[in-house]
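# sequence and predicted model, in that order:
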Amino acid sequence: MSAHLLLLLLLLPIRATQSKSVEWRPIETTDLHWFKRGDAYTLVLEGLISDAERDVRLRIKVPGRPDFTLSVPGGVVKLTDGSLDQKVIADNLLKSNYLYLAPKLRDSLGRPMLFVFGEALGSDPGSLHVLSMDKTGYPVNVFKSDTFELAALSDLDGDGKSEITGLHCLGQTGGCRCCSTYDPYSVYRLPRSGVGRATFSLALSKAYNLKHYYGWAGRDCREDIVVVTCAPKGKPRIMSLKKAERLYKD
């Protein structure tokens with residue numbers, strides 16, 4: 001092999017790496033005093049700038065500790081870009097276009113939790129991450145889902161703490177006239193001690209759907225079960241798709 005060819009082969013990986021180089025630049029910076037006493041945590045939304053990609057991630061500068069970085073599918077989105085209720089946005093404890101600090105969701109020490117929303121991909125809701133702090137004061141995920149549309153933060157069981165309620169999937173029409181897929185609400189309860197991850201509550205989810213949805217047919221989204229909105233007497237019904245196709249043909 002000639003010296004010229006060997007030099008060319010050695011340079012190819014270097015040039016390929018250089019062509020894929022990216023640069024994260026701050027696009028929003030907010031200080032947060034998670035503790036009433038102590039140094040501020042700095043929340044930095046960073047935009048990725050490259051020839052092929054556009055992305056936004058969250059980096060939290062933790063006093064005296066390594067940075068905490070959160071990347072979500074499709075990138076972090078602005079609060080106004082998602083389906084978050086405007087009344088919820090108005091309660092934001094932060095002056096941020098991207099991050100929601102919840103006054104109604106707090107840990108055992110009364111510190112508000114931080115919500116980070118990701119881009120919706122296809123017909124699914126976007127992702128949701130809820131951040132709190134562990135015993136050492138370092139950020140930690142207490143809830144995360146790649147598909148979750150936040151519907152409510154409210155105390156459903158009367159224990160003085162709000163639960164997280166939302167949809168993992170969105171209704172799709174088709175199969176028969178006035179039918180949509182079965183897509184129930186899911187309710188998650190935070191640990192009473194404030195330590196650990198939120199857990200799904202079957203009892204609260206069922207009760208919430210019976211009150212706020214069309215009924216209950218289990219926790220999972222299903223395409224073989226549908227909601228028929230043109231049922232007799234004007235009351236929507238939940239039934240199998242096969243039965244709905246017989247009764248309510250297009």
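That came in fine, so what should we check first?
# residue ranges with poor pLDDT in the protein?
Applying pLDDT under 70 to the chain flags the ranges 1-21, 50-53, 82-83, 175, 192-195, 250.
# got the phi and psi for residue 80?
When read as degrees, to the nearest 10, the backbone of residue 80 gives phi -80, psi -10.
# quick check: the gap between it and residue 120.
Distance check for residue 80 against residue 120: by Cβ to Cβ, to the nearest Å, it reads 14 Å. In short, each C-beta sits where N, CA and C put it, glycine included.
# spatially central residue in this structure, please.
Closest to where the C-alpha atoms of the chain average out (Cα atoms, centre = their mean) is residue 128, at 1.1 Å.
# ok, for that residue, nearest residue in space, not its chain neighbours?
Once flanking residues are discounted, residue 128 sits nearest to residue 148: 4.2 Å by Cβ to Cβ, 6 or more residues apart in numbering.
# correct me, but the one you found touches residue 127?
Yes: look at residue 148 against residue 127 with Cβ atoms under 8 Å: they come within range, at 6.8 Å.
# contacting residues around the residue nearest to residue 128?
125, 126, 127, 128, 166, 167, 168, 186 (Cβ atoms under 8 Å, 6 or more residues apart in numbering).
# what about the closest residue in space to the second one that isn't next to it in sequence, neighbour count?
Yep, that's residue 126 we're talking about. Distances taken as Cβ to Cβ, 6+ apart place residue 120 nearest to residue 126, at 4.0 Å, with adjacent residues excluded. Residues lying near residue 120 (other Cβ atoms under 10 Å) number 19.
# residue 239: what secondary structure?
Look at residue 239: counting by DSSP: H, G, I helix; E, B strand; the rest coil, its state is strand.
# distance of residue 240 from residue 247?
10 Å.
# now the common contact residues for the two.
In contact with both residue 240 and residue 247: no residue, using Cβ under 8 Å, 6+ apart.
# thinking again about what came up before, state the distance from the residue nearest to residue 128 to residue 214.
20 Å.
# same question, residue 247
On the measure of Cβ to Cβ, residue 247 and residue 214 end up 16 Å apart.
# higher neighbour count, those two?
residue 214 (19 against 16).
# surely that one meets residue 226?
No: the criterion here is Cβ under 8 Å, and residue 214 misses it with residue 226 at 10.0 Å.
# who touches both of these two?
Taking Cβ under 8 Å, 6+ apart as the contact rule, residue 214 and residue 226 both touch residue 238.
# counting neighbours, what do you get for residue 153?
Using other Cβ under 10 Å as the criterion, residue 153 is surrounded by 19 other residues.
# swap that for residue 92, sorry
Residue 92, neighbours per other Cβ under 10 Å, totals 18.
# my guess is it contacts residue 79, does it?
Yes: using Cβ under 8 Å, residue 92 is in contact with residue 79, at 7.4 Å.
# okay, and the common contacts of these two?
Shared contacts of residue 92 and residue 79 (Cβ under 8 Å, 6+ apart): residue 100.
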